[in-house]
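*Asks:* fold the following, please.
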Amino acid sequence: MKSFSDFNIKAPAGAFEGKKISIEDLFNVKIIVKAFRIEESKFIGKNKSNNRLQLSITVNNENYICFTGSDTLMDMIKKVSESDFPFETVIKKREKRFEFT
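*Replies:* Numbers count the residues shown, from 1 in each chain. As a prediction, this is how the structure comes out:
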């Protein structure tokens with residue numbers, strides 16, 4: 001019987017690493033955003049774009065992955081140049097929307 005390692009299949013480049021953390025646990029905490037990805041959400045109708053934002057972040061020297069459907073965060077992060085990653089920020093909740101500050 002073959003072993004999976006015999007197939008010589010590698011994880012895709014750019015795969016995010018770290019434990020999953022809730023966006024609510026990140027409010028008002030200094031984080032480092034290393035990378036992001038915007039994909040179609042499996043929760044259709046939860047936001048205007050029907051997309052979700054996946055963040056690869058560091059908090060207190062620990063790597064995490066976070067998901068959110070915040071259209072505001074998606075709009076804001078798309079405006080950041082690739083050359084400006086990684087960057088430091090704090091996510092604030094203002095009424096019902098989330099913002100990078």
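*Asks:* quick check: E17 is in a helix.
*Replies:* No: E17 sits outside any helix when classified using DSSP: H, G, I helix; E, B strand; the rest coil, being coil.
*Asks:* surely it touches T58?
*Replies:* No: in this structure, E17 is not within contact of T58 by Cβ atoms under 8 Å, at 10.6 Å. For the C-beta atoms, the positions are set from N, CA and C on the backbone; glycine is no exception.
*Asks:* pLDDT score assigned to K48?
*Replies:* At K48, the model reports a pLDDT of 81.
*Asks:* tell me, how many residues neighbour it?
*Replies:* Applying other Cβ atoms under 10 Å, we find 9 residues neighbouring K48.
*Asks:* so what's it up against?
*Replies:* The neighbourhood of K48, defined by Cβ atoms under 8 Å, 6 or more residues apart in numbering, consists of D71.
*Asks:* again with K10
*Replies:* Counting by Cβ under 8 Å, 6+ apart, K10 touches no other residue.
*Asks:* roughly how far does it sit from V80?
*Replies:* 28 Å (Cβ to Cβ, to the nearest Å).
*Asks:* which of E17 and T58 has more neighbours?
*Replies:* Ranked by neighbour count (other Cβ under 10 Å), E17 and T58 place T58 first, with 16 against 10.
*Asks:* which intervals of this protein have sub-threshold pLDDT?
*Replies:* 11-15 (pLDDT under 70).
*Asks:* one more pass at 80, please.
*Replies:* 10-15, 42-46 (pLDDT under 80).
*Asks:* this protein: strands as residue ranges?
*Replies:* 19-20, 30-40, 51-59, 62-68, 87-94, 97-100 (DSSP state E).
*Asks:* need the contact partners of the fifth one.
*Replies:* Counting by Cβ under 8 Å, 6+ apart, strand 87-94 makes contact with 23, 26-33, 73, 80, 98-101, all of which sit outside it.
*Asks:* next, the angle from that strand to strand 62-68.
*Replies:* Interaxial angle, strand 87-94 versus strand 62-68 (axes from the mean of the first three to the mean of the last three Cα atoms, to 10 degrees): 40 degrees.
*Asks:* would you mark the buried spots in strand 87-94?
*Replies:* For strand 87-94, burial by neighbour count (16 or more other Cβ atoms under 10 Å) applies to 89, 91.
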